[in-house]
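In: Have a look; sequence and predicted model below, questions after that.
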Number of protein chains: 2
Amino acid sequence: MDHFLSSVRNSCRLLKIFLDAPKELGVTELSKRLQLSKGAVHKLLATLEAEGFIRQNEKTRQYTLGYTLLELGNKVLKNHDIVDFAAPYINRLVSRTQELVVLCVQDVTDAIYVTKVDSPHPIRFTVETHRRFPLYSTSASRVLLAYKPESFQDEVLAEGIRTYTPYSFTSADEIKLALREIRERGYEFSSDRRNVGVTGMAAPLFDSTGEVAASVSVIGPSDRVLPQKDAILRELLETVREMSAELGYRP
Amino acid sequence: MDHFLSSVRNSCRLLKIFLDAPKELGVTELSKRLQLSKGAVHKLLATLEAEGFIRQNEKTRQYTLGYTLLELGNKVLKNHDIVDFAAPYINRLVSRTQELVVLCVQDVTDAIYVTKVDSPHPIRFTVETHRRFPLYSTSASRVLLAYKPESFQDEVLAEGIRTYTPYSFTSADEIKLALREIRERGYEFSSDRRNVGVTGMAAPLFDSTGEVAASVSVIGPSDRVLPQKDAILRELLETVREMSAELGYRP
DNA sequence: CAAATTGTTCACGAATAGAAAACATCGTTT
DNA sequence: AAACGATGTTTTCTATTCGTGAACAATTTG
């Protein structure tokens, strides 16, 4: 059927424009980006403002995202019981490895880091949480993709492959080979794919149904991580084994 | 004019229902709460899901808030330069007072704690951040209200006054007297109004235009805070004075 | 296994969303 | 200071589409 509500879709897209834009935008700019008339955009903004999803700066007359989105975003995290569940394990893993640990979940064809705990080292690699990125792009997210049906993998990879470094995967075949290796080994280990000089190891969390619920990843500067590869990997795999057992997974 | 886009308004209200509801809701339940037909709600949900604002649980067939809201909520905070600006001052204030410190901003007729740093004490009072509450209800938010025009204060108080404890303000007159005292003293000091056994002190942050940009509040168990009232107050007032100066405020 | 309740689809008439243009309100330029 | 150009705002109007109500399908429940 695919008959969506056009004005609702427009309002969603309007809000998402702000994700990759300056914090304030005007009616004219938004109408260009949405390919809608100024009048239509104005009505969208007025409605969204009345509901707290958009705020207008009284001085500049331009528009920003409203606080209701902050409330809703917070609720998304609170709904996510795996976040609270994982917190103690992640803290322990950070103190044992002394490197960044992240918890990664899937959303449709993307992935999101929902939790991170930074390395205590003064020199450290860190990531942005709560922001979408492609499933094929990081060690943590590739683990999620690896256990999905091949048809879904193809679908994701057909959307196009973005490269980040000279060492990023460039073809679907290359990535699918990597995914097969992940399933065989039970974890991912890779360097320089997303950031040069950075190495990550990631392993899946299984729930009671045998599905991959999330992934845990230890990431850090290669010169610090590579010499300790075996020790870190042992800690990571032991942690996800414990967590999966706690989630009711019976291998 | 007041001609809003009805389906956009419906979609906003649909999302906000989730703020005070179980994490998953069905079409029927939502249609009751929105007073819309099931078909209309279904179309809303389908559109919101296609944009990532809603997610459907494949097993239960029920709906939850989607990850795009997490991204947008995160962006709201990133847009807010006062959050980063305030962070070091707030940390310093916590280490000097050993109590919870919060940063509070106004949103229309509500207030929101945008930042908090908890007390290091094992026994401590804490608050929920990123969640709306009435401007008259806490010391931090009353400070924001105190410096607004009287017409706006009346408007807010006319919406009704909710009480939280036997010591909460119960009438508009009572609150307006308290607001006058805040302006005279330059800070708020109160106990048991929002939580019994809890005392808070709050002071305003002025920006270069002389407007109140936010408020900073030190809050803790009365039996620990009251004996140190003068010392804490001195630290608080010194901190907000420094911060306001840094923001370009010239008294 | 029937009954009830859920999410989903469909068809249609009333309501309105969106385009286009005129208007108002700034800041800038001449 | 006046004219300009840009912005956000309002208005008018019709093709579009939104929302209803009922039928459908797919569960769960008694």
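Out: Alright, I've got the coordinates.
In: So stretch A:230-250, near chain B or not?
Out: No. Stretch A:230-250 lies out of reach of chain B by C-beta under 8 Å from any C-beta of the partner chain, never closer than 15.0 Å. Every C-beta, even on glycine, is put in place using the N, C-alpha and C of the backbone.
In: Count the residues that sit near residue A:152.
Out: As a burial measure, residue A:152 scores 12 neighbours (other C-beta atoms under 10 Å in any protein chain shown).
In: Tell me which helix or strand comes right after the host helix or strand of it.
Out: For residue A:152, the enclosing helix or strand under DSSP states H and E is helix A:150-158. Next along the chain after helix A:150-158, taking DSSP H and E as the criterion, comes helix A:172-185.
In: do you know how far residue A:114 is from residue B:196?
Out: In this structure, residue A:114 lies at 35 Å from residue B:196, with C-beta to C-beta, to the nearest Å as the measure.
In: Point me to the residue of chain A nearest DNA strand D.
Out: Going by C-beta to the nearest atom of the strand, DNA strand D is nearest to residue A:26 of chain A, at 1.8 Å.
In: Find me the pLDDT at that residue, would you?
Out: What the model reports as pLDDT for residue A:26 is 91.
In: That one - how many residues pack around it?
Out: 15.
In: so it touches residue A:57, yeah?
Out: No. With contact defined as C-beta atoms under 8 Å, residue A:26 does not count as touching residue A:57 (10.0 Å).
In: what residues are shared contacts of these two?
Out: Here residue A:26 and residue A:57 share the contacting residues residue A:63, scored by C-beta atoms under 8 Å, 6 or more residues apart in numbering or on different chains.
In: Can you name the next helix or strand after the helix or strand hosting residue A:201?
Out: Assigned by DSSP H and E, residue A:201 belongs to strand A:198-206. Using DSSP H and E, the helix or strand that directly follows strand A:198-206 along the chain is strand A:212-221.
In: name the helices or strands packed onto the strand holding residue A:201?
Out: helix A:139-146, strand A:188-191, strand A:212-221, helix A:222-225, helix A:229-246 (3 or more C-beta pairs under 8 Å, 6 or more residues apart in numbering or on different chains; DSSP states H and E).
In: Of the ones you listed, flag the one that's most buried.
Out: The highest mean neighbour count among these, using mean count of other C-beta atoms under 10 Å in any protein chain shown, belongs to helix A:139-146: a mean of 27.
In: hang on, the earlier thing: excluding sequence neighbours, find me the nearest residue to the residue of chain A closest to DNA strand D.
Out: residue A:62 (4.8 Å; C-beta to C-beta, 6 or more residues apart in numbering or on different chains).
In: list the contacts for the one you found?
Out: A:24, A:25, A:26, A:56.
In: my guess is residue A:67 meets residue B:113, correct?
Out: No. The criterion here is C-beta under 8 Å, and residue A:67 misses it with residue B:113 at 11.1 Å.
In: So for these two, which residue has more residues nearby?
Out: Using other C-beta under 10 Å as the criterion, residue A:67 and residue B:113 rank with residue A:67 on top: 26 against 21.
In: any idea how far residue B:114 is from that one?
Out: 9 Å.
In: Could you pull up the mean pLDDT of stretch A:148-168?
Out: Across stretch A:148-168, pLDDT averages out at 96.
In: Give me the contacts around it.
Out: Contact with stretch A:148-168 is made by A:109, A:134-137, A:145, A:169-172, A:175-176, A:179, A:191-196, A:212, as judged by C-beta under 8 Å, 6+ apart.
In: mind redoing it with 6 Å?
Out: For stretch A:148-168, contacts defined as C-beta atoms under 6 Å, 6 or more residues apart in numbering or on different chains pick out A:109, A:135, A:145, A:170, A:172, A:192, A:193, A:194, A:196.
In: cool, and stretch A:114-129?
Out: A:83, A:90-91, A:94, A:98-103, A:105, A:113, A:198, A:220-221.
In: Count the neighbours of residue A:228 for me.
Out: Residues near residue A:228, counting by other C-beta under 10 Å, number 16.
In: With residue A:42 instead?
Out: By other C-beta under 10 Å, 15 other residues sit near residue A:42.
In: residues touching it, list them.
Out: Residue A:42 touches residue A:27, counting by C-beta under 6 Å, 6+ apart.
In: Confirm that it sits in a strand.
Out: No. Under DSSP: H, G, I helix; E, B strand; the rest coil, residue A:42 falls outside any strand and is assigned helix.
In: Nearest to DNA strand C, out of the contacts of residue A:62: which one, please.
Out: residue A:26 (12.0 Å).
In: got the helices and strands packed on strand A:198-206 as a markdown table, with distance to residue B:245 columns?
Out: As requested, the helices and strands packed on strand A:198-206 are exported to a markdown table (distance: least, C-beta to C-beta, whole Å):
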| stretch | distance to residue B:245 |
| --- | --- |
| helix A:139-146 | 44 |
| strand A:188-191 | 48 |
| strand A:212-221 | 39 |
| helix A:222-225 | 41 |
| helix A:229-246 | 47 |
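In: Distance to DNA strand D for those - can I get that in TSV?
Out: TSV is the format used below for the helices and strands packed on strand A:198-206 (distance: least, C-beta to the nearest atom of the strand, whole Å):
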stretch	distance to DNA strand D
helix A:139-146	25
strand A:188-191	34
strand A:212-221	20
helix A:222-225	45
helix A:229-246	25
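In: So which of the ones you listed is nearest residue B:240?
Out: Residue B:240 lies closest, by C-beta to C-beta, to one member of the helices and strands packed on strand A:198-206: strand A:212-221, at 38.8 Å.
In: hey, C-alpha coordinates of that closest one in CSV?
Out: Written as CSV, here are the backbone C-alpha positions of strand A:212-221 (Å, rounded to 0.1, in the frame of the first residue of the first chain):
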residue,chain,number,x,y,z
VAL,A,212,22.6,-11.2,18.4
ALA,A,213,21.2,-8.5,20.7
ALA,A,214,24.2,-6.2,20.6
SER,A,215,28.0,-6.2,20.3
VAL,A,216,30.8,-5.2,22.6
SER,A,217,34.0,-3.7,21.3
VAL,A,218,37.4,-2.7,22.7
ILE,A,219,39.0,0.0,20.6
GLY,A,220,42.3,1.8,21.0
PRO,A,221,45.5,3.2,19.4
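In: gap between it and the chain center?
Out: 11 Å (C-alpha atoms, centre = their mean, to the nearest Å).
In: Direction-wise, compare that strand with helix A:139-146 and give the angle.
Out: Counting by axes from the mean of the first three to the mean of the last three C-alpha atoms, to 10 degrees, strand A:212-221 lies at 150 degrees to helix A:139-146.
In: Fine by me, thanks again.
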